[in-house]
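take this sequence and fold it.
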Amino acid sequence: MITMVDSNTRERAIKYFAEKMHCSQAVLMAFSEKCGISKEQALRLGSCFGSGMRKGEVCGACSGALMVLGLLYGQTQIGNQEERKISNRINDMMMDRFKKVNGSYICNELLGYDVSTPEGAQRAREEGLFTEFCPKMVASAADILEGIIEEME
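Below is the predicted model:
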């Protein structure tokens, strides 16, 4: 049985991000104990998803949240269509809610720059987006994720 997410999860995710982890790592690591994985496994699994997979695609914080949802509620048996329906539903819940709250789930759209280019990434750094804006996306992903977990229980 999955236990209720404690109120400090959001703060842990923000703290991990401030320690120079990718947004995806910060969210996944904050929930790692709930998912039954180690912090090292969370760091490794989330390491290739920051900055929208470094291409400005789906926000890494949102991707980290999807990893948590997959670990908690994802399909466990090949061919189990009921489990697939559940994982599809929670995927849509996360993506739709993140977009509703933040206007998009695409990193480049959220930041206003194409961070897949050196110039775009530099402009985002110069404007402090990675240090000022991205923590808000980490917090948002953690909050939305907590809500979905509470609903699923």
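
so which bits of whichever strand or helix holds residue 14 are buried?
Using DSSP states H and E, the element containing residue 14 is helix 9-18. By neighbour count on 16 or more other C-beta atoms under 10 Å, the buried set for helix 9-18 is 9, 10, 12, 13, 14, 15, 16, 17. Using the backbone N, CA and C atoms, a C-beta is placed for each residue, glycine as well.

got the contact list for it?
Residues from elsewhere that reach helix 9-18 (C-beta atoms under 8 Å, 6 or more residues apart in numbering): 23, 25-27, 29-31, 134-135, 138-139, 141-143, 146.

which secondary structure elements does the longest helix along the chain contact?
Across the chain, the helix with the greatest residue count (assigned by DSSP state H) is helix 81-102. In terms of contacts (3 or more C-beta pairs under 8 Å, 6 or more residues apart in numbering; DSSP states H and E), helix 81-102 is packed against helix 60-73, helix 134-152.

just tell me which of these ends up closest to residue 121.
helix 134-152 (12.3 Å; C-beta to C-beta).

buried set for the closest one?
134-135, 137-146, 148-149.

swap in stretch 17-29?
Counting neighbours by 16+ other C-beta under 10 Å, the buried set in stretch 17-29 is 17, 21, 22, 23, 24, 25, 26, 27, 28, 29.

in CSV: those residues, plus distance to residue 70, pLDDT and secondary structure.
As requested, the buried residues of stretch 17-29 are arranged in CSV below (distance: C-beta to C-beta, whole Å; pLDDT from 0 to 100; DSSP: H, G, I helix; E, B strand; the rest coil):
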residue, distance to residue 70, pLDDT, secondary structure
17, 21, 97, helix
21, 19, 96, coil
22, 17, 97, coil
23, 17, 97, helix
24, 13, 98, helix
25, 15, 98, helix
26, 17, 98, helix
27, 13, 98, helix
28, 10, 98, helix
29, 15, 97, helix
